[in-house]
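In: let's see this in three dimensions:
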Amino acid sequence: MVCTNTPGNFTCSSNCSSGFSEVAGICTDIEYPVISPGCPSPSATSTDPGQPYATVTYIPPDATDNSGFVTETSSHDPGDVFSIGDTVVTYTFTDPEGLVADCNFTVTVFDVEPPVPTCPSDVTQNTDAGLPTASVTWTAAIATDNSGLTPTSSATHTSGDNFVIGSTNVTYTFQDDSSNTAECTFTITVDDVEPPVPTCPSDVIQNTDAGLPTASVTWTAAIATDNSGLTPTSSATHTSGDNFAIGSTNVTYTFQDDSSNTAECTFTITVDDMEPPVPTCPSDVTQNTDAGLPTASITWTAAIATDNSGLTPTSSATHTSGDNYAIGSTNVTYTFQDDSSNSAECTFTVTVDDVEPPVPTCPSDVTQNTDAGLPTASITWTAAIATDNSGLTPTSSATHTSGDNFAIGSTNVTYTFQDDRSNTADCTFTINVDGKTKSSNNTWNLQYPPVRVTSHKTLM
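Out: Here you go, the predicted model:
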């Protein structure tokens, strides 16, 4: 130390450099290190992609000291990685005297990176049997986060829930500790492959409407239920009240649900034709036997028939036009049958009249002398006979009998014949009894007046 004593003033000055203080003759450093250009300002940055930290660079602080020597220590260095959150970075500068200057600044690392979710694949599943839904299960979505921590999660649906027909998005939402969120979505598709369940009316059996080849048939429409709970649309091959032809016709209802699943049900309408044909027979026929025959060949216009079916029935007959018919009445029956085996008959009568009388044959006239000593003669002959077109032997009667005694003169003997139809015919022959005796000169003496022979007429 250097002291100067001047009048009225005594001063001393140190020989130490600036920043030093002399203590007991020794220069002691009393000046703290000086940080220059100053402590860095607080900084904020986001994490490195996919990492729970950020690599932070900065211009580190520096310090000078009057001593010319500074020792630096720090909690971090530029390029270090900093975890998410606030980190205080401290720089300490110490001079040889142990004087310390600190520099503190904060590095804030923000996590702005959302979680990375992984959703299950889309799910397609059929409805549960008979239901409009499907119970669908899946493995829950997961998520990773750059923070290394497991994000919290929530979901719009839970595995095992019932899902309606169609497509439903299931969304998982994940949130990390920095409130960054991310979502993933997968789709659950519930297919309805279950067809409607139809109920058809029972089969219908009905007769044709009177006089028609059809029947107007009504029924209660078929219905159907569907697992969707909705009423299926329907169409049908026929409509209640339609006219149905004779025979069997299938009526089919087709139902379709909103998923285009279809189902059919069928019932049968049977139209029976119980209506017989309507025949028309010719009028009764009356005809005489053909000449000299016991029959008559008779013709007629065949019977006809109409049928409600509109078809011509088949026919058969007991006789054929042009047949020969015996004397008397014969029923001719036509039988008609339609395609449904309904039959009907009509009958007319053919009457053959026999108006032809018997044909008699009388014996020839007989001429005979009286029996000896008698005024009569006993005369015999072969009986008259008759034929008849009927083929039967007519009955006969006669005015005389073979072997009768006949008086002198002429006597007509008449045979009358009658057939079964009461037609009669006569034939007559004459018996002549001569009343003469032979004289000695071989001449005849007439004993009785002659009898005149008259002609006779045969009744036909």
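
In: low-scoring pLDDT stretches of the protein, where are they?
Out: Within the chain, the set of residues satisfying pLDDT under 70 comprises 1-15, 436-460.

In: domain map for it?
Out: Per automatic domain parsing, the structural domains of the chain span 1-28, 31-110, 116-191, 197-271, 278-353, 359-446.

In: save those domains as a markdown table, and put in mean neighbour count too.
Out: For the C-beta atoms, the positions are set from N, CA and C on the backbone; glycine is no exception. Shown next, in a markdown table, are the domains of the chain (neighbours: other CB atoms under 10 Å):
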| stretch | mean neighbour count |
| --- | --- |
| domain 1-28 | 10 |
| domain 31-110 | 16 |
| domain 116-191 | 16 |
| domain 197-271 | 16 |
| domain 278-353 | 16 |
| domain 359-446 | 16 |
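
In: who are the neighbours in contact with the spatially closest residue to Thr382 that is not a sequence neighbour?
Out: Take Thr382 and drop its neighbours on the chain: the residue closest to it by CB to CB, 6 or more residues apart in numbering is Pro363, 5.4 Å away. Taking CB atoms under 8 Å, 6 or more residues apart in numbering as the criterion, Pro363 is in contact with Trp381, Thr382, Ala383, Ala384, Phe429.

In: in strands, which of those appear?
Out: When DSSP state E defines the strands, the subset of these inside them is Phe429.

In: Pro195: which of the contacts of Pro363 is nearest?
Out: Pro195 has its nearest neighbour among the contacts of Pro363 in Ala384, at 101.8 Å by CB to CB.

In: so that closest one makes contact with Ser396?
Out: Yes - taking contacts as CB atoms under 8 Å, Ala384 lies within contact range of Ser396: 7.0 Å.

In: find the residues that touch each one of those two.
Out: The contact lists of Ala384 and Ser396 share Tyr415, Phe417, where a contact means CB under 8 Å, 6+ apart.

In: helices and strands around the helix or strand that contains Ile431, which ones?
Out: Using DSSP states H and E, Ile431 maps to strand 424-434. Packing contacts for strand 424-434, counted by 3 or more CB pairs under 8 Å, 6 or more residues apart in numbering; DSSP states H and E, involve strand 359-361, strand 366-369, strand 405-407, strand 409-418.

In: what angle do that strand and strand 409-418 make?
Out: 160 degrees (axes from the mean of the first three to the mean of the last three CA atoms, to 10 degrees).

In: neighbouring strands - and their directions - for strand 424-434?
Out: Paired with strand 424-434 in the same sheet, following DSSP bridges, are strand 366-369 (parallel), strand 409-418 (antiparallel).

In: need the residues that contact the very next helix or strand once past the first one.
Out: Per DSSP H and E, strand 366-369 leads on to strand 376-378 as the next helix or strand towards the C-terminus. With contacts defined as CB under 8 Å, 6+ apart, strand 376-378 is touched by Gln368, Asn369, Thr370, Asp371, Gly403, Asp404, Asn405, Phe406, Ala407, Ile408, Val433.

In: could you redo the last one with a cut-off of 10 Å?
Out: Outside of strand 376-378, the residues within contact range by CB atoms under 10 Å, 6 or more residues apart in numbering are 366-371, 402-408, 431-435.

In: do stretch 140-154 as well
Out: Here stretch 140-154 has contacts from 47-53, 83-84, 111-120, 155, 158-159, 170-178, 180-186, using CB under 10 Å, 6+ apart.

In: end-to-end on that stretch?
Out: 10 Å (CA to CA, to the nearest Å).

In: quick one, helices of the stretch 51-200 of the chain?
Out: In order along the chain, the stretch 51-200 of the chain carries no helices (DSSP state H, counting those that start in this stretch).

In: which ones are touching the spatially closest residue to Asp353 that is not a sequence neighbour?
Out: Excluding its sequence neighbours, the residue lying closest to Asp353 (CB to CB, 6+ apart) is Asn288, at 5.1 Å. By CB under 10 Å, 6+ apart, Asn288 lies in contact with Ala296, Ile327, Thr351, Val352, Asp353, Asp354, Val355, Glu356.

In: show me what the fourth one bridges to in the sheet.
Out: Partner residues in beta bridges with Val352: Gln287, Gly328, with DSSP bridges as the criterion.

In: and the residue nearest to Asp353, how far is that from Trp300?
Out: 16 Å (CB to CB, to the nearest Å).
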